[in-house]
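Novice: how would this look folded up:
(chains A, B and C)
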Amino acid sequence: METDSPFLLAAVSLLSALQMGYLARRVGLSRITHKVLPPSVTGPPEFERTFRAHQNCVECYPVFLVTLWTCGLFFSEVTAAAGGLLYIIARQIYVNGYVKSTKKRLLGFYLTLAVFVTLSLLGLSGILHGILHKYFHIHL
Amino acid sequence: METDSPFLLAAVSLLSALQMGYLARRVGLSRITHKVLPPSVTGPPEFERTFRAHQNCVECYPVFLVTLWTCGLFFSEVTAAAGGLLYIIARQIYVNGYVKSTKKRLLGFYLTLAVFVTLSLLGLSGILHGILHKYFHIHL
Amino acid sequence: METDSPFLLAAVSLLSALQMGYLARRVGLSRITHKVLPPSVTGPPEFERTFRAHQNCVECYPVFLVTLWTCGLFFSEVTAAAGGLLYIIARQIYVNGYVKSTKKRLLGFYLTLAVFVTLSLLGLSGILHGILHKYFHIHL
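Specialist: Next up, the predicted model:
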């Protein structure tokens, strides 16, 4: 481990992993509340919304990790870490909203999308810079 | 960021993340076409095939990232990046086929499998080389 | 690739990716045994338990990769790799148990949780050490 290791990216990744654990736990608690025994994934609407909210986070999570680390390693670690924290908050808003009603998932969804677009574009700019430099000897 | 950073692996990762977003969007559009409101995931066969096609990509995605980066860091970045592009194409063929019929998912499925096997074996050879070198001082 | 590359983390990651492929294959075989054609995911209880067992592993997998690499890069590679092997065994116990009965998934589940907590805490200690060192010039 070196001093220039990406500690902030690792810290945000670990925090987001903790959030994934917390969201899985919420599905488990919702199972108990609504008496939905595994392996069943259907039940009262509130349970199904909680379940789908978590599934959506499962779908997003690897995409998040790719954009976080791409932006962090190839553009700016601090910017990426800040974006990562915003993502965690966005997901929390998404799940809290979705559990209440299908419509209330939208705010968190658009916030998530905004973070994805931002991290991706910044990461892409860093990668293009690097590719131009490394393979075409062009310095912008 | 250094000149020898794995820009190509990062670029392919970002492209595959974009594809995941596109596939999620297709499920959303299929929801609208077939009038399947979230959180429901059942409906007309075409919607269910679109949904499962995306889910299968969600299942494959972290496995893809592991094999891409393992092959890229421990065997050859260019080979891995080429394999990664092939994976993205294979997934596109898979989803396009699956949306039409369950049988038509098979070509893309076998292509995906071929990429996984290739990236894994090349990555494994690099890792074994490295382990023999580092821990047993054997140079092949 | 350098001599100090994290070969062990890569090897464990590749092994866990192989396990994910194996578990997906088990769902496919269970589909054949119980005559559940894709895209359907409902059927006899044993099929549904096999399906959910795999889904749970899909949910856990990116979280595992984050904790494995965090612990491995920021605390100790050998410890993380050992934890990673334990995770793979825990998931095997989980799936084998879950396929038999819903209750029998619990042992593997708690083992998985123990690995997650251990890897996370060790990774966190390494990250905090690094952050204190890098940003606050405090050496513990």
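
Novice: Near chain B, which residues of chain A are found?
Specialist: Proximity of chain A to chain B, by CB under 8 Å from any CB of the partner chain, involves residues A:45, A:48-49, A:51-53, A:58-59, A:62-63, A:66-67, A:70, A:73-74, A:98, A:102, A:105, A:116, A:120, A:123-124, A:126-127, A:130-131, A:133-134. Quick note: C-beta positions are derived from backbone N, CA and C, even for glycine.

Novice: Can you spell out which helices and strands pack onto the helix or strand hosting A:R26?
Specialist: Here A:R26, judged by DSSP states H and E, is contained in helix A:7-33. Packing partners of helix A:7-33 (3 or more CB pairs under 8 Å, 6 or more residues apart in numbering or on different chains; DSSP states H and E): helix A:45-74, helix A:77-100, helix C:45-74, helix C:106-136.

Novice: ok, and for that helix, which residues are buried?
Specialist: Buried residues in helix A:7-33, counted by 16 or more other CB atoms under 10 Å in any protein chain shown: A:7-14, A:16-21, A:23-24, A:26-27, A:30-31.

Novice: Can you give the distance of that helix from its chain's centre?
Specialist: 11 Å (CA atoms, centre = their mean, to the nearest Å).

Novice: now the helices and strands packed on helix A:7-33 in a markdown table, with mean pLDDT and mean neighbour count?
Specialist: Output for the helices and strands packed on helix A:7-33, formatted as a markdown table (pLDDT from 0 to 100; neighbours: other CB atoms under 10 Å in any protein chain shown):
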| stretch | mean pLDDT | mean neighbour count |
| --- | --- | --- |
| helix A:45-74 | 98 | 23 |
| helix A:77-100 | 98 | 19 |
| helix C:45-74 | 98 | 23 |
| helix C:106-136 | 97 | 18 |
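
Novice: Can you tell me, leaving aside adjacent residues, what's nearest to the residue in chain A that chain B sits nearest to?
Specialist: Residue of chain A nearest chain B, by CB to the nearest CB: A:R52 (3.6 Å). Among residues not flanking A:R52 along the chain, B:P39 sits closest, at 3.6 Å (CB to CB, 6 or more residues apart in numbering or on different chains).

Novice: Near the one you found, how many other residues are there?
Specialist: 19 (other CB atoms under 10 Å in any protein chain shown).

Novice: in what helix or strand does it lie?
Specialist: Under DSSP H and E, no helix or strand contains B:P39.

Novice: quick one, what contacts it?
Specialist: A:45, A:48-49, A:51-53, A:98, A:102 (CB atoms under 8 Å, 6 or more residues apart in numbering or on different chains).

Novice: and if we set it to 6 Å?
Specialist: For B:P39, the contact set (CB atoms under 6 Å, 6 or more residues apart in numbering or on different chains) comprises A:48-49, A:52.

Novice: I'd like those as TSV, with distance to C:V78 appended.
Specialist: As requested, those are arranged in TSV below (distance: CB to CB, whole Å):
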residue	distance to C:V78
A:E48	44
A:R49	43
A:R52	40
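
Novice: and A:M1, what pLDDT?
Specialist: Listed pLDDT for A:M1 reads 54.

Novice: And for A:V115, nearest residue in space, chain neighbours not counted?
Specialist: Leaving out its chain neighbours, the residue that sits closest to A:V115 by CB to CB, 6+ apart is A:Y87, at 4.5 Å.

Novice: How about A:H129?
Specialist: Nearest non-adjacent residue to A:H129, counting by CB to CB, 6+ apart: A:L140, 6.1 Å away.

Novice: So that neighbour, which state does it fall into?
Specialist: Secondary structure, DSSP: H, G, I helix; E, B strand; the rest coil: A:L140 is coil.

Novice: how close does it get to chain C?
Specialist: A:L140 sits at a distance of 29 Å from chain C (criterion: CB to the nearest CB, to the nearest Å).

Novice: Contact residues of chain A facing chain C?
Specialist: Counting by CB under 6 Å from any CB of the partner chain, the residues of chain A close to chain C are A:1, A:3, A:5, A:7, A:10-11, A:13-14, A:17, A:20, A:38-39, A:58, A:61-62.

Novice: Between all of those residues, which two are at the greatest distance?
Specialist: A:T3 and A:P39 (47.7 Å; CB to CB).

Novice: Most distant residue from the centre of chain A?
Specialist: Taking CA atoms, centre = their mean, the residue of chain A most remote from its mean C-alpha position is A:H137, at 34.7 Å.

Novice: give me phi/psi at it?
Specialist: The phi and psi torsions at A:H137 (degrees, to the nearest 10) take the values phi 50, psi 40.

Novice: pLDDT wise, what is it at?
Specialist: Here, the pLDDT recorded for A:H137 equals 93.

Novice: For A:L65, see how far away the residue of chain A closest to chain B is.
Specialist: Remark: distance between A:R52 and A:L65 (CB to CB, to the nearest Å) = 21 Å.

Novice: again with A:A11
Specialist: 13 Å.

Novice: before we move on, what about A:P39?
Specialist: In this view, A:P39 and A:L65 are 27 Å apart by CB to CB.
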